[in-house]
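Asker: sharing a model that was predicted from the sequence below.
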Amino acid sequence: MRPGRARLFSGMALIFAALLGWSAFATLVVQAQSVDDGRSGRLVAVFPPGTSRQATLDQLTSTDARLVKDSFLPFVWTLYGDEPDLAGRLRQSGAIGVFPDTGLFQCLSLEL
């Protein structure tokens with residue numbers, strides 16, 4: 001193998017390893033921050049990307065949650081509810097993740 005190709009493959013392997021490591025780290029952070037189904041209060045709900053705003057709002061009507069704000073990401077919503085099991089109801093309505101409105105997820109819910 002020529003030296004140029006070996007360097008190219010080494011560089012590609014390094015980039016792949018970095019992306020794999022970042023993905024594993026991001027997965028651990030997201031799993032660690034996820035709230036249990038019994039949680040209520042102010043929460044950030046993440047819905048599948050590509051879901052229309054109206055479809056998400058229609059799904060949220062069954063949760064008895066109050067919309068606090070949407071974000072610059074159209075599938076991230078900050079919601080509030082006093083009744084127990086808000087996180088579970090959000091998941092049942094289609095949310096792929098429910099997180100506390102702090103730290104990283106508070107940043108994701110910023111408005112522009």
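Answerer: Received the coordinates, thanks.
Asker: ok, now which ones touch the residue most central in space within the chain?
Answerer: The residue lying closest to the centre of the chain (Cα atoms, centre = their mean) is residue 46, at 4.5 Å. Counting by Cβ atoms under 8 Å, 6 or more residues apart in numbering, residue 46 makes contact with 75-76, 95-99, 108. Bear in mind the C-beta positions are built from the backbone N, C-alpha and C, glycine included.
Asker: list the buried ones in the helix ranked longest in the chain?
Answerer: As assigned by DSSP state H, the longest helix anywhere in the chain is helix 3-33. Buried positions in helix 3-33, judged by neighbour count with 16 or more other Cβ atoms under 10 Å: residue 33.
Asker: elements contacting that helix?
Answerer: Helix 3-33 sits against strand 97-100, helix 103-108, with contacts defined as 3 or more Cβ pairs under 8 Å, 6 or more residues apart in numbering; DSSP states H and E.
Asker: of the contacts of residue 46, which is the most crowded?
Answerer: Most neighbours among the contacts of residue 46, by other Cβ atoms under 10 Å: residue 95, with 25 neighbours.
Asker: so how far is residue 23 from the closest residue in space to that one that isn't next to it in sequence?
Answerer: Closest residue to residue 95 apart from its sequence neighbours, by Cβ to Cβ, 6 or more residues apart in numbering: residue 45 at 4.3 Å. Taking Cβ to Cβ, to the nearest Å as the measure, residue 45 falls 22 Å from residue 23.
Asker: pLDDT score for the residue lying closest to the residue nearest to the centre of the chain once chain neighbours are set aside?
Answerer: Nearest residue to residue 46, sequence neighbours excluded (Cβ to Cβ, 6+ apart): residue 97, at 4.1 Å. At residue 97, the model reports a pLDDT of 86.
Asker: just the one 4 residues further on next, same as before
Answerer: For residue 101, the model assigns a pLDDT of 79.
Asker: tell me which residues touch it, please.
Answerer: Neighbours of residue 101 in contact, by Cβ under 8 Å, 6+ apart: 42-44, 78, 109.
Asker: which of the residues you listed has the most neighbours?
Answerer: Counting neighbours by other Cβ under 10 Å, residue 44 leads the contacts of residue 101 with 28 neighbours.
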